[in-house]
Every structure is written in C-alpha cells, then in structure tokens.
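Novice: Predicted model, plus sequence, below.
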Amino acid sequence: MTDNHQPGDQSANQPSPATTSRRRLLFAGGAALAAGGAIGATATATAAGPSDRSEALTIECATLGPTIRALPMFLTHPVLELDEGDVAGSPFFARGLLYPQGTIKGDGFIPTDEDAIGHFMCRGHLLISPTWPAPHLMTHHEYYLGELSEFPLAADMLTSAGPEGHNEYPWTVVRAVTGGTGTHRGARGQVTQTQFATNTTVDEFGQTSPCFRFDFDIDLR
C-alpha cells in the first residue's frame, strides 16, 4: 500500500520511484488500505463435507487517499526524520471501496465511476526503520460486503492480517484469513494481495492512491 507507483505515461518531470522520498512511499494512498469485499466477486465453491466447503474468490479495492489518518512517531519525536529515521510503531487507519473482479482496468481508475460492492477498512502500524526497509506495514483488514450506512452494518464480512507494502512495483504478499461473518462465518485460509494499479484519489501528500487485487482461498464452516 505504501508504493508510490506512477503510470507509465506520466511526464518526465515527475519523480521516479527510485528518487521518491520515504515519506511519500509510506503514505502513497494508504497501502494498508488494501482490501475488498466478496459480493459480486468471481467465486467457485466445492463441497468439503456436510457443513464444510472451500471457496476461491477474487475482489478488487480502490484505496481512498483522503481517508488516511496517521499519527506518525515523528510528530511526538521530532528528532526522527521520516525519510531516514525509525518510524516503526507509528499507527494509521484508512478506508477503501470494493469491486468485482475485472472492474479496475489499470492506472487512472475513478472510484465513483463504478458501483462498489462493499467497503474496506485497514488499521495497522509502520515497520520501517534503518534496519527494516520492507515490508512497510503490519495491518489488519476488514472487508465489509454490503452497505455500512446503518446498523447492523454489513452482515457478510471477511478479515485478514499480515505484512504488506514495498518500494518495488508491483508487489504481492500472502496474508492469513482470520475469520468472517454471515455467509463467510468461520472462514480460515489465506489471501494473496497484489498492488496492480492506481486511482484518481490523492492522499495528504498529493500522491495518487493504490488499487489492489485480493485472491482468497478459504475454507468455510
């Protein structure tokens, strides 16, 4: 989520990933935001017993840059330089929108142009220090499959936990699926998270926000 990828057709006066500051890499769209919901996603299921089943599904997520809220350690410890110092332990929070597989075609995706199928919530902490360049974050994701406008919120939800974020683009990580509710009650397994595009929303540093693909491989009971 922290990768500051720029589309290939950007003008030459824009900074390259190699020269982009650590500060922009940390918060380029809120990497922790990565996540997604399952309604409308491409999915296959096979019977694993009278009450158990396996499911593979793919969903996509557009991180919403303006939703990122952070309390970096350097705000309380000014001696630390965000570009060069130790920011491990700094917390943050972010949100995103979820879409069916194949909705996000590439860089420049406009989140409001497509109907979302759910909401993404991400909370976590930075890991970066002089001796720990990557992964950037340790995060917890919640994928709400439906509306969040009124209680009881979305009946169907998935959760995952693990590391994410890298200076290289694109990047892929595998996270643990830690549970679910509703049709995904008792979910266990893993989800592969891939950053593959950017969208038109920007974060507090003016950087375009990332888009992610989540490939779930889970057992339900």
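Specialist: Noted; the coordinates are in hand. Numbering: from 1, shown residues only.
Novice: alpha carbons only for contacts and neighbour counts from here, please
Specialist: Noted.
Novice: biggest strand in the chain by residues?
Specialist: strand 188-202 (DSSP state E).
Novice: what packs against that strand?
Specialist: Under the contact criterion of 3 or more C-alpha pairs under 8 Å, 6 or more residues apart in numbering; DSSP states H and E, strand 188-202 touches strand 53-63, strand 172-181, strand 208-220.
Novice: change it to 6 Å
Specialist: strand 172-181, strand 208-220 (3 or more C-alpha pairs under 6 Å, 6 or more residues apart in numbering; DSSP states H and E).
Novice: Tell me which of those strands sits most buried.
Specialist: Highest mean neighbour count among those (mean count of other C-alpha atoms under 10 Å): strand 208-220, with a mean of 26.
Novice: And the helices in this structure?
Specialist: Using DSSP state H, the helices of the chain run over residues 22-27, 73-76.
Novice: Which of the ones you listed comes out lowest on mean pLDDT?
Specialist: Mean pLDDT is lowest for helix 22-27 out of these, coming in at a mean of 33.
Novice: residues in contact with the closest residue in space to Ser54 that isn't next to it in sequence?
Specialist: Spatial nearest neighbour of Ser54, excluding adjacent residues (C-alpha to C-alpha, 6 or more residues apart in numbering): Asp219 at 4.3 Å. By C-alpha atoms under 6 Å, 6 or more residues apart in numbering, Asp219 lies in contact with Arg53, Ser54, Ala187, Arg188.
Novice: need the contact list for the third one.
Specialist: This means Ala187. By C-alpha under 6 Å, 6+ apart, the neighbours of Ala187 are Gly179, Gly180, Asp219, Leu220.
Novice: Where does pLDDT dip in this protein?
Specialist: For the chain, residues meeting the criterion pLDDT under 70 lie at 1-51, 71-85, 149-152.
Novice: related to what we said a few turns ago, distance to Val202 added to the contacts of Ala187, as a markdown table?
Specialist: Shown next, in a markdown table, are the contacts of Ala187 (distance: C-alpha to C-alpha, whole Å):
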| residue | distance to Val202 |
| --- | --- |
| Gly179 | 31 |
| Gly180 | 30 |
| Asp219 | 36 |
| Leu220 | 37 |
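Novice: which one of those residues sits closest to Asn199?
Specialist: Gly180 (27.7 Å; C-alpha to C-alpha).
Novice: Tell me, how many residues neighbour the residue nearest to the closest one when sequence neighbours are not counted?
Specialist: In space, and not counting its chain neighbours, Gly180 is closest to Leu158: 4.3 Å by C-alpha to C-alpha, 6+ apart. Burial measure for Leu158: 27 neighbouring residues, criterion other C-alpha atoms under 10 Å.
Novice: isn't Leu158 right next to Tyr143, touching?
Specialist: Yes: between Leu158 and Tyr143 there is a contact under C-alpha atoms under 6 Å: 5.1 Å.
Novice: ok so, going back, can you say which of the contacts of Asp219 are buried?
Specialist: Buried by 16 or more other C-alpha atoms under 10 Å: Ser54, Ala187, Arg188, out of the contacts of Asp219.
Novice: Quick check: bridge partners of the first one?
Specialist: In this entry, Ser54 is beta-bridged to Thr46, Asp219, by DSSP bridges.
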